[in-house]
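In: need coordinates for the following:
(chains A, B, C and D)
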Number of protein chains: 2
Amino acid sequence: MFGRVPKVYHPGVARARATDTREGLLDAAEALLLSEGYAAVTSRRVGAAAGVNPALVHYHFGSMDDLFLAVYRRRVAEGTDRLRQVLDDPQPLWALWEYNCDPRGTAFTMEFVALGNHRPVIRAEIAASATRVRDLQVDALDRILTRYGIARRECPPLVASVLLSSVARYLVLEEQALGLTDGHDQTVVFIERFLSRYEGSRRG
Amino acid sequence: MFGRVPKVYHPGVARARATDTREGLLDAAEALLLSEGYAAVTSRRVGAAAGVNPALVHYHFGSMDDLFLAVYRRRVAEGTDRLRQVLDDPQPLWALWEYNCDPRGTAFTMEFVALGNHRPVIRAEIAASATRVRDLQVDALDRILTRYGIARRECPPLVASVLLSSVARYLVLEEQALGLTDGHDQTVVFIERFLSRYEGSRRG
DNA sequence: GTCTATACTTCGATAGAC
DNA sequence: GTCTATCGAAGTATAGAC
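Out: Residues are numbered from 1 along each chain as shown, chains lettered A, B, ... in the order given. Below is the predicted model of the structure:
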């Protein structure tokens, strides 16, 4: 009698469902990426994991590249929010170290780096976001180091940023990807002793 | 008249040709891996790049997993040889730093790490070789640090090894994969100033 | 050893019914 | 929005001629 109900008549309901499906697909894609690597992220498997039809991947995102981009951007947005909060921490150096030690971000980034190796669109996105994150982190470190009276010439914030994230992220990479943990405990102790010199032992 | 010539009658010639093909396939696979990522390493593309029939990949290596393993092992063997020579260098700390800064090894490892994410056989191989390489490096550093009179308690060789390779490899990773070089120059200067304290500036 | 030919699988993407 | 059905491309792997 009414034919199809125009979606504009029930925008809330219609859009709620669509958003659920969309988010479900993103969740499924991200889970697959982390557990089995990017090669496992196919429209068929993502659809199956999300409990919907594979064709919906293309309906909601277009190509697989677009799906990957959406997954990436969602996670980067979360990460950036967390990074901003680091400065509010009463022990910002500790917070920054812990932020870089988060294993989720590393496994995630590694897959996308490998993915970007043969998908130019992905590669460009990674490069852009990496620069943004680094700028944010350098800005934070600049203020932190100044607060502790560490001269810029003695230890430039840029260098501190590179050193901090290098060690943290490489430790996680080794542990997650290679199952290699030799010397990690000792190295962490070594680093954290350094952090404690400025901020005391970690509280909270 | 003679039918097929049994290969045992001309082992040198027959084996020489076979070896060439085998090596050619390994070369092609490695080149593809580095230039376009592991997803580009398919039997068809490897065969085409090597100028032979794709079926030969399976004849010589069996499965694709076996091809990947062969590529990996060949490169690891080369890398291990180079690492052993580091100790003979008159400036071993510098040599070790440069060894870890080699971009080839890093790009290579990264692809295999991502590959191992959904290929258990590869993952196991990486873990085993990573442990061997680290042991070798720690052994080298132990002797180097002792030579320079650096107490094991002050800077454990294991920690030195982890720190050194972390920073070096992560710098390369960022540069190669993300095109991100902000702060790298300054960081390298920072590190090399440290090296120079013990070994003077790099010679040769 | 190397090639041709092919069986079988899985992928990305799209057209059209509902 | 979601599904069914399907096309064409590309992958792994094998059998068999040469």
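In: can you name every helix or strand that the helix or strand encompassing A:Arg44 contacts?
Out: Using DSSP states H and E, the element containing A:Arg44 is helix A:43-50. If you count contacts as 3 or more CB pairs under 8 Å, 6 or more residues apart in numbering or on different chains; DSSP states H and E, helix A:43-50 packs onto helix A:11-36, helix A:55-61, helix A:64-86. Placement of C-beta: from N, CA and C, glycine included.
In: pull the distance from it to the chain's centre.
Out: 22 Å (CA atoms, centre = their mean, to the nearest Å).
In: buried stuff in it?
Out: A:Ser43, A:Arg45, A:Val46, A:Gly47, A:Ala49, A:Ala50 (16 or more other CB atoms under 10 Å in any protein chain shown).
In: can it be said to contact DNA strand C?
Out: Yes. Helix A:43-50 comes into contact with DNA strand C (CB under 7 Å from any atom of the strand), by way of A:Ser43, A:Arg44, A:Arg45.
In: any weak-confidence spans in chain A?
Out: A:1-17 (pLDDT under 70).
In: swap in 50 and give it another go.
Out: For chain A, the stretches with pLDDT under 50 are A:1-13, A:15.
In: please go through it and pick out the longest helix.
Out: helix A:120-147 (DSSP state H).
In: tilt between that one and helix A:64-86?
Out: Here the directions of helix A:120-147 and helix A:64-86 differ by 10 degrees (axes from the mean of the first three to the mean of the last three CA atoms, to 10 degrees).
In: just to revisit the earlier point, can I get the helices and strands packed on helix A:43-50 in TSV with mean neighbour count?
Out: Listed next are the helices and strands packed on helix A:43-50 as TSV, based on neighbours: other CB atoms under 10 Å in any protein chain shown:
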stretch	mean neighbour count
helix A:11-36	16
helix A:55-61	17
helix A:64-86	17
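In: so what touches the helix or strand just after the longest helix of chain A?
Out: Next in sequence after helix A:120-147, counting helices and strands by DSSP H and E, comes helix A:157-173. Contacting residues not belonging to helix A:157-173 are listed as A:96-97, A:100-103, A:105-107, A:109-110, A:134, A:137-138, A:141-142, A:145, A:184, A:187-188, A:191, B:113, B:162-163, B:165-167, B:169-171, B:182-184, B:186-187, B:190 [CB atoms under 8 Å, 6 or more residues apart in numbering or on different chains].
In: pull up the residues of chain A that are close to DNA strand C.
Out: Near DNA strand C, when you scan chain A using CB under 7 Å from any atom of the strand, you find A:41-45, A:54-55, A:58-59, A:62-65.
In: quick one on the thing from earlier: going by neighbour count, which of the contacts of helix A:157-173 are buried?
Out: Counted by 16+ other CB under 10 Å, the contacts of helix A:157-173 give A:96-97, A:100-101, A:105-107, A:109-110, A:134, A:137-138, A:141-142, A:145, A:184, A:187-188, A:191, B:113, B:162-163, B:165-167, B:169-171, B:182-184, B:187, B:190 as buried.
In: just give the closest residue to A:Asn100, not the sequence neighbours.
Out: Nearest non-adjacent residue to A:Asn100, counting by CB to CB, 6 or more residues apart in numbering or on different chains: A:Ala168, 3.5 Å away.
In: okay, now the one you found: neighbour count?
Out: 23 (other CB atoms under 10 Å in any protein chain shown).
In: before I go, just wanted to say thanks for your time.
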